[in-house]
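Undergrad: everything below, folded, please.
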Amino acid sequence: MGSQRAAEERLTPDAAEFVRFCHRRRAVGWPELYDEMCLVASRGLFRGWGPSDLAEHGIGFGLFELPSLAALTSQVVAEERAARRPVVSGASLRAVPTAERRATSAARSDGEPTPAADPSSSRAAPSTRAVAPQLARAG
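TA: This is a model prediction of the structure:
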């Protein structure tokens, strides 16, 4: 327990940046993110820092450092997710039913609703395609 507390005290803002960097590279949770952190550290992809450089900032990959690394990772991932949530302030969103959208778009330019869009009409206007063949047969 004492070594975990000592590791937590050594964590620097750069340690949180390292976790954030790894999470942005691969947006996964623990333990997959741990694998990504190991890869990044072994290749020096974060500021050219390897495992020993990261250890100076409180990032350790050993068994006894895992609890503090997992806690930091959890905190950083929660912050990243909160930052990505859409914020709707003062706006009210309303779903418009399909029939209402059709009625609005079918209205004439002079403001009078067409028979198909008139809500008081119980029958829609007949299609001209269906009427035209009937007239041709009658004549």
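
Undergrad: can you list the weak-confidence ranges in the chain?
TA: Across the chain, the ranges flagged by pLDDT under 70 are 1-10, 86-139.

Undergrad: now with 50?
TA: Applying pLDDT under 50 to the chain flags residues 1-7, 109, 117, 121.

Undergrad: could I get the full set of helices for it?
TA: Secondary structure of the chain by DSSP state H: the helices cover 2-10, 13-25, 32-43, 51-55, 66-84, 98-106, 128-138.

Undergrad: now Gly29: phi and psi?
TA: Dihedral angles of Gly29 (phi, psi; degrees, to the nearest 10) stand at phi -100, psi -180.

Undergrad: so Tyr34 is in contact with Ser74, correct?
TA: No - assessed by CB atoms under 8 Å, Tyr34 is found out of contact with Ser74, at 11.7 Å. The C-beta positions use only the backbone N, C-alpha and C, and glycine is treated the same way.

Undergrad: ok, those two, which is more surrounded?
TA: Comparing Tyr34 with Ser74 by other CB atoms under 10 Å, the one with more neighbours is Tyr34, at 17 against 14.

Undergrad: what residues are up against the more buried one?
TA: 61, 66, 69-70, 73 (CB atoms under 8 Å, 6 or more residues apart in numbering).

Undergrad: out of the residues you listed, which is nearest to Arg85?
TA: Thr73 (19.1 Å; CB to CB).

Undergrad: rewinding a little: filter the contacts of Tyr34 down to the buried ones and express that as a PyMOL selection.
TA: In PyMOL, a selection of the buried entries from those looks like this (16 or more other CB atoms under 10 Å):
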select buried, resi 66+69+73
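
Undergrad: which one of the contacts of Tyr34 is nearest Arg20?
TA: Nearest to Arg20 among the contacts of Tyr34, counting by CB to CB, is Thr73 at 9.8 Å.
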